[in-house]
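Trainee: Below are the sequence and a predicted model; questions follow.
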Amino acid sequence: MAQIPAGANRPGELNRKQTGDAWEAKARCWLESKGLQFIAANARERGGEIDLIMRHNHTTVFIEVRYRRSGRFGGALSSVTRAKQVKLLHTARLWLARHNGSFDTVDCRFDVIAFTGNEVEWIQNAFNDHS
């Protein structure tokens, strides 16, 4: 595996983007070990970004990856607020439309992979367009 570069301001430390990319890569590998197939990473649409898009059997899975060093101020899972969920739903709707689909025509779900310290939580179907 390639070495992860150090942050520019603090030698030996990653900047925010590098840290996010590293945890997203870890989440992707972990999910692939659980049988999901990779479709896309960092899918950007007007107004948002989806960390990972994968397929689980016949379901398209939009995945939000969150990381917190500790649970001292709330774990990583607690950082997926309702506002963040709405933004992800909007972004997924645009991504599906660009790929000739919609929530009505494509079987999909929204998962969260939350890393808090060394703990990992995989919340399948964490929210949907009806929640």
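Mentor: Happy to help now that I have it.
Trainee: what's residue 53 in contact with, if anything?
Mentor: Contact analysis of residue 53 by Cβ atoms under 8 Å, 6 or more residues apart in numbering lists 39-41, 43, 60-63, 95. C-beta: built from backbone N, CA, C; applies to glycine.
Trainee: try 7 Å this time
Mentor: For residue 53, the contact set (Cβ atoms under 7 Å, 6 or more residues apart in numbering) comprises 39-40, 43, 60, 62.
Trainee: Sticking with the spatially most central residue of the chain, tell me its helix or strand.
Mentor: Compute the mean C-alpha point of the chain, and by Cα atoms, centre = their mean the closest residue is residue 64, 2.3 Å away. Assigned by DSSP states H and E, residue 64 falls within strand 59-68.
Trainee: And the contacts of that strand?
Mentor: Here strand 59-68 makes contact (Cβ under 7 Å, 6+ apart) with 19, 23-24, 27, 36, 50-55, 75-77, 79-80, 88, 92, 106-116.
Trainee: re the thing from before, going by neighbour count, which of the contacts of residue 53 comes out on top?
Mentor: Counting neighbours by other Cβ atoms under 10 Å, residue 62 leads the contacts of residue 53 with 24 neighbours.
Trainee: Many thanks, we can stop here.
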